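Q: Mind folding the following:
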Amino acid sequence: MAAVVALGGVAVGALAYALALLRLGVVTAADLALVPQLAGKPLAWLRRFRLLR
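A: Next up is the predicted model:
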């Protein structure tokens with residue numbers, strides 16, 4: 001049980017870090033275009049929440 005909670009905490013921390021990098025403009029739309037898993041995926045939801053400029 002403790003391992004599951006620890007992994008959940010790590011996942012939440014990683015998500016918060018990634019969103020902060022998006023919000024601060026460190027990661028841009030051009031950077032996200034280089035990620036194969038995001039190829040062809042709409043990124044409008046990131047713009048809607050003002051996370052991606």
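Q: tell me the centre residue of the chain?
A: Ala18 (4.3 Å; Cα atoms, centre = their mean).
Q: so who does Leu24 touch?
A: Residues counted as contacts of Leu24 (Cβ atoms under 8 Å, 6 or more residues apart in numbering): none. All C-beta atoms are positioned from the backbone trio N, CA, C, and that covers glycine.
Q: With the one 10 residues further on instead?
A: Applying Cβ under 8 Å, 6+ apart, one finds that Leu34 lies in contact with no residue.
Q: thinking again about what came up before, ok, the residue nearest to the centre of the chain to Gly9 distance?
A: As for Ala18, its distance to Gly9 is 15 Å (criterion: Cβ to Cβ, to the nearest Å).
Q: SS state for the residue nearest to the centre of the chain?
A: Using DSSP: H, G, I helix; E, B strand; the rest coil, the structure places Ala18 in helix.
Q: Could you do Lys41 as well?
A: Quick answer, by three-state DSSP: Lys41 is coil.
Q: Count the neighbours of it for me.
A: 10 (other Cβ atoms under 10 Å).
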